[in-house]
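A.B. asks: With the input below, show me the fold.
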Amino acid sequence: VMGGIFAVSIFQLNLKELLFMSILMNMAAVIGAWLGGYFNDHFNCKNTILVSLVFLILFLTLIILTETKLYFFIFTTLLGFFVGPIQSASRVMISRIIGREDQNKAFGLFATSGKLTSFLGPALVGSATLIFESQRIGFSTVLILLISGLIILYKTDGLK
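C.D. replies: Have a look, this model is predicted:
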């Protein structure tokens with residue numbers, strides 16, 4: 001949703017372009033999740049997520065800095081590609097580190113924590129946009145969340 005608001009306000013995307021962007025991102029995420037499974041099997045979940053986070057940070061930075069619709073579409077598609085592996089690898093990681101008898105609890109906690117923190121990104125983006133009167137600056141606060149997640153995951157031992 002935040003990406004759609006950013007796309008419309010910064011690049012003046014019409015509804016057709018916005019739907020096209022959403023379809024491209026989702027198709028890229030599916031392909032990314034599928035290829036991410038290969039990397040999961042060969043390089044482990046933590047590394048798959050770390051590499052994907054690095055690319056999310058890179059492409060989000062490029063999205064924030066770009067001035068043209070063409071590059072915006074290219075970078076959002078590439079960003080979508082790296083969302084897929086994170087979604088699949090995070091679930092595989094939970095399955096691998098939690099015993100079979102506790103997986104229901106773990107996935108319940110995973111879902112609940114996502115719902116409880118889902119306000120954080122929009123609140124940061126909205127607050128920064130309001131304070132700085134800039135969608136680009138507001139949207140850049142998402143980088144803070146991605147970098148924080150990267151650092152926390154990197155420093156976490158024992159995750160495969």
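
A.B. asks: gap between the most centrally placed residue in the chain and Gly108?
C.D. replies: Central residue of the chain (C-alpha atoms, centre = their mean): Val83, 4.8 Å from the mean position. For Val83, the distance to Gly108 (C-beta to C-beta, to the nearest Å) stands at 23 Å. Where you see a C-beta, it was placed from the backbone N, CA and C, and this is true even at glycine.

A.B. asks: What of Ile86?
C.D. replies: Distance from Ile86 to Gly108, by C-beta to C-beta: 20 Å.

A.B. asks: higher neighbour count, the two?
C.D. replies: Neighbours were counted for Ile86 and for Gly108 using other C-beta atoms under 10 Å; Ile86 has more, 23 against 10.

A.B. asks: what's the helix or strand where Leu143 lies in contact with?
C.D. replies: Assigned by DSSP states H and E, Leu143 belongs to helix 135-155. Outside of helix 135-155, the residues within contact range by C-beta atoms under 8 Å, 6 or more residues apart in numbering are 2, 5-6, 9-10, 46, 49-50, 53-54, 56-57, 60-61, 63-65, 120-121, 124-130, 132, 159.

A.B. asks: again, only using 7 Å
C.D. replies: By C-beta atoms under 7 Å, 6 or more residues apart in numbering, the surrounding residues in contact with helix 135-155 are 6, 9-10, 46, 49-50, 53-54, 56-57, 60-61, 64, 120-121, 124-126, 128-129, 132.
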